[in-house]
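Peer 1: take this sequence and fold it.
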Amino acid sequence: MAILHGSWIRKNQNSCLFIWGETWRSPQVNWDITQSLEIPQHPLAMTAVELSEWLAAKNITVTSSKQQQVQTQTRSRKTTKPPEASLPTHSHIIALPTQILQNTKDRTFNLLPVHSASQDLESGASPYLQPWQVTGFCLNTSETIKFLQSLPLNITGGEEAFFAGDLRFWSQVARWSLDLISRSKFLPNIQQQADGTTDAGWQVLLDSAVDSTRLEKFAAKMPLACRTYQEMGNGDISVDFPESAQALILEFLNSTIDVQVREMVGNQPIIEARVIAALPLSLRQWLQALTSASHTVVADVIGVERLEAALKAWTLPLQSEITGKPLFRTCFQLNSPGIGETEWTLAYFLQAADDSEFLLNAATVWQNPVEQLNYQNRSIDKPQETFLRGLGLACRLYPAIAPSLETEYPQYCELTPIQAYEFIKSVAWRLEDSGLGVILPPSLTNREGWANRLGLKITAETSKKQKERLGLQSLLNFQWQLAIGGQTISKAEFDRLVALNSPLVEINGEWVELRPQDIKTAQTFFASRKEQMALSLEDALHLSTGDTQVIEKLPVVSFEASGALQELIGALTNNQEIKPLSTPVSFQGQLRPYQERGAAWLAFLERWGLGACLADDMGLGKTIELIAFVLYLKEQDLLEKPILLVCPTSVLGNWEREVKKFAPSLKVMQYHGDKRPKGKAFVEAVNQHNLIITSYSLIHRDVKLLQTISWQIIVLDEAQNVKNPDAKQSQAVRQLDATFRIALTGTPVENRLQELWSILDFLNPGYLGNKQFFQRRFAMPIEKYGDAASLNQLRSLVQPFILRRLKTDKEIIQDLPDKQEMTVFCGLTTEQAALYQQAVDTSLVEIESAEGLQRRGMILALLTKLKQICNHPSQYLKETTLTQHNSGKLQRLEEMLDVAIEEGDRALIFTQFAEWGKLLKPHLERQLGREVFFLYGSTSKKQREEMVDRFQHDPQGPPVMILSLKAGGVGLNLTRANHVFHFDRWWNPAIENQATDRVFRIGQTRNVQVHKFVCTGTLEEKIHDMIESKKQLAEQVVSAGEDWLTELDTDQLRNLLILDRHALIDEDGE
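Peer 2: Okay, the predicted model is just below:
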């Protein structure tokens, strides 16, 4: 993995976007300042050849126009050349955060550049800005525009994570340049160059408050790295370091806008040829320079001077905006009519650009014909000139004020109600966009929202007669009133306002907008509305989140909830309001505080019949929270019907064990395999149990049988399994009826928002609309265009139904132990079971007739065979590759690694078999799409050090490392990992703990999760049970590993090794 960087670099005539790549190598550089003062090469920077190859591998095109011509000419030639850079290379100096450690023995320094993807610094040393040399490519302005516009807008993670923040920043600025061009925010100019030539060009015009503010925000958000570049060969680091952010952005905008506008006007001439021919020579030359590739104006000195004077006069109203941000601007205040009057007044002022409340009325301006006016402790330069310039600009945009400017001292103009409405709707924003100030009556300030529109005010509550549990489609009691401008009005008042025939009306001293379309809609509403209009709980939730809703085509402009409905909405918008659920009496254990809150959240939503997605990080105990919740229902006599839990086949046994361990009073049944009950036997069996556990692979086959049961709750574990709504299992679970639905997942969104829709649509059908609506309203605007408004709206809609806590949350960390040890029970596949039984039967016959050392050796050999079979048949059969889903352990490992990597975690996998590691490494690399390390006895010292260094320090390094227990169990510091998987067991606690301590040691800043894999129904489970039942004694007995097993007689050995076939993962039988 690597990261692509890029930043705009200012040069006199050849400004460019410089791009370079950052990868991972050993970062330390030893710098001896007594030997050389040269800026050192950045150790993590790619070479030009590496960057070219990486760009090609990522299908990122940065080919220059010149190179394209060369490629076209040489396309037919087939020559073999060594790898070379795809573009001319350039070197630049950039100052980057670096840890600098001085050696005490000499005057050398250890320089450790901080990788740009690093989340934290392991060393306590604070980083400095250290200059480094980096090599990359320079893109001219045309190439820069194409390159930046080709980058996706929403590059925040996933596959696009290789774009650095500096490159993403310039991508957004490039999009802003398109917005400015679309609004004609550019002007032609003419400039004298240092060499005496005259150039014509196009420059950006930031004359509105919106664009000025945007420039300030961009400058404030500019990554520091964008401002610390310098060309090679310029001697010492520039005294202007770091460069001005605003100046750099303006230079970029001017360059990119010039190129794009030239291309537009060049393709479509702005003046006819016969008209151009009649123009003065200097003007013709200037227009030619504005529309062609050449910027030079070839004209005599007098012609150029006349042209400059004419251009200055033409742009005079904008000169303050062109030369710099003005301190004062002309402002227009719209005042409502007085009592008994109908005319509106538009008053003129001077307004401070940095303080909208600082106003100087027109009368005062005219009374002070001075070069500098001191007013309220502020100094105003040329107030009348500034005032007149603004009036002239406004007159071009809004001719209605022109008559007032014919007076000697214009101070205001009068407007009819229609003109005032036009001013509010279509003129005010144009004045603001041109850098002028506008002040509207407070009640008319919100020109886009619905709050001031004519609509309905809704007050809702739950039905007092409601006895059954509510659901999204449950109807509410509600009252409606007509409202406008935040005030309710009667039908008679509405008729009076309509009779005024004015788009602006006054209600209780406030002026509001009355749109003709809203009047027509309201009249239709009164004429045809039914006696009983429907308002569901789903509607109420949408309204409470700010989602736009209409009833009978009238917008709901205000919504209030009362009673129990208010309690629901308040709790859903702030989960802290829900009282934690105490640990149930019969629960065998103790819930942590955050788990009590999680169980209480489930109970709260169950009371309302609203589907819940519990999306806590892996390891926080979603299983425990669900079990405690079910036990709570049982103890409160609320568990009236059975619960169906659907999970991956690999964890069927794990779920049953966890339920029996923590809630032995719950009756649980696994429903899977070829011997599962059918028909009436199934119905009878279900009615005798509280919890039925089945698998995704079975759910769509037996959906008709499962539909015969009235389920109280349906739970989806690892709910990402239904992320594809068109998959058979996704469609099957939607066909099952239940009072309450729960989804458990650590990754509610893995790749696309449609996955979130699929899960939410299972939980609360129809709440987010159908799939096509969701794609159009949310997925496309957010994923393709990075639309923040759509993202915020979606977050508001789904937040009530998703509870997600992270391991890094402060309130969670304090509740977690430093190390969590968990046993992961995995079933055997049919192939594994057959091989296991065959090995046991064959070996026991041989063992029974053997004695002494031969017998001991045969038992240990059998144990090795059985462990290999439990790992994977391919290991036992000495095959060279792994076949997917032939191992319950491997299937579960893949599922858990997917979640861990998605959460940004790193993992170690310990095995005692080097041959298994060799099989596992390429398989996981294919499955995960990421590099995986394997460290074992034959790993050289150099390779070992490089692996550890990259795993520990490379932010984009491999997230998984496989280690043989002997080679990796001691002497390593791998605290970057926070998951440890013991894939096969040594049954020696001391050795396993020693391996775990590679992660759980000084320097570890996160909670460590230790996962010990055990195959159910095999010797692994039986040995595990022995250790758990007599843990202290077992640790003493088993401390020598597996030698104690060789002392068992044949019958004892047979009982230990015999296979329990109920533990099989019988996919075919399902």
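
Peer 1: name the SS class of Leu101, please.
Peer 2: Classification of Leu101 using DSSP: H, G, I helix; E, B strand; the rest coil returns strand.

Peer 1: what's the answer for Ala732, then?
Peer 2: The three-state label given to Ala732 by three-state DSSP is helix.

Peer 1: tell me how far it lies from Leu756.
Peer 2: 20 Å (C-beta to C-beta, to the nearest Å). In short, each C-beta sits where N, CA and C put it, glycine included.

Peer 1: what about stretch 284-301, average pLDDT?
Peer 2: For stretch 284-301, mean pLDDT is 84.

Peer 1: ends of it, what's the gap?
Peer 2: 15 Å (C-alpha to C-alpha, to the nearest Å).

Peer 1: are we agreed that Ser558 is in a helix?
Peer 2: No: counting by three-state DSSP, Ser558 falls outside a helix, being strand.

Peer 1: now Asn1007: phi and psi?
Peer 2: The phi/psi pair for Asn1007 (degrees, to the nearest 10) reads phi -70, psi 140.

Peer 1: equivalent analysis for the one 3 residues further on, please.
Peer 2: Backbone torsions of Val1010, given as degrees, to the nearest 10, read phi -110, psi 120.

Peer 1: show me the contacts for it.
Peer 2: By C-beta atoms under 8 Å, 6 or more residues apart in numbering, the residues touching Val1010 are Lys819, Gln820, Glu821, Met822, Val980, His982, Thr996, Phe1000.

Peer 1: beta partners of it?
Peer 2: With DSSP bridges as the criterion, Val1010 is bridged to Glu821, Val980.

Peer 1: and it, how close does it get to Ala738?
Peer 2: Counting by C-beta to C-beta, the gap from Val1010 to Ala738 is 35 Å.

Peer 1: same thing with Arg597?
Peer 2: 24 Å.

Peer 1: next one: Ile962
Peer 2: 42 Å.

Peer 1: buried sites along whatever helix or strand Ala527 lives in?
Peer 2: Remark: Ala527 resides in helix 516-528, with elements defined by DSSP states H and E. Of the residues in helix 516-528, Asp518, Ile519, Thr521, Ala522, Phe525 count as buried by neighbour count, 16 or more other C-beta atoms under 10 Å.

Peer 1: over to stretch 806-825?
Peer 2: Neighbour counts over stretch 806-825 (16+ other C-beta under 10 Å) mark Lys807, Asp809, Ile812, Asp815, Leu816, Lys819, Thr823, Val824, Phe825 as buried.

Peer 1: same deal with stretch 294-311?
Peer 2: Result for stretch 294-311 [16+ other C-beta under 10 Å]: buried residues His295, Val297, Ala299, Gly303, Val304, Leu307, Glu308, Leu311.

Peer 1: cross the residues you listed against helices and list the overlap.
Peer 2: If you go by DSSP state H, the buried residues of stretch 294-311 have Gly303, Val304, Leu307, Glu308, Leu311 in helices.

Peer 1: now these in CSV, with distance to Ala353?
Peer 2: As requested, these are exported to CSV (distance: C-beta to C-beta, whole Å):
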residue, distance to Ala353
Gly303, 37
Val304, 33
Leu307, 31
Glu308, 27
Leu311, 25
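
Peer 1: which stretches in the stretch 751-900 of the chain count as strands?
Peer 2: Secondary structure of the stretch 751-900 of the chain (DSSP state E, counting those that start in this stretch): strands located at 802-803, 819-826, 828-829.

Peer 1: give me the distance from the second one to the chain's centre.
Peer 2: Centre-to-centre, strand 819-826 and its host chain are 30 Å apart (C-alpha atoms, centre = their mean, to the nearest Å).

Peer 1: pLDDT (mean, whole number) over it?
Peer 2: 89.

Peer 1: CA atoms only: put it into CSV for me.
Peer 2: Provided in CSV are the C-alpha atoms of strand 819-826 (Å, rounded to 0.1, in the frame of the first residue of the first chain):
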residue,chain,number,x,y,z
LYS,A,819,-7.4,-8.6,28.3
GLN,A,820,-10.5,-10.5,27.2
GLU,A,821,-10.2,-14.3,26.7
MET,A,822,-12.9,-15.9,24.6
THR,A,823,-13.3,-19.5,23.4
VAL,A,824,-14.6,-19.7,19.8
PHE,A,825,-16.4,-23.0,19.3
CYS,A,826,-16.4,-24.3,15.7
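
Peer 1: for Tyr348, what are its contacts?
Peer 2: Going by C-beta under 8 Å, 6+ apart, Tyr348 touches Thr330, Cys331, Phe332, Asn361, Ala362, Phe387, Leu391, Pro410, Gln411, Tyr412.
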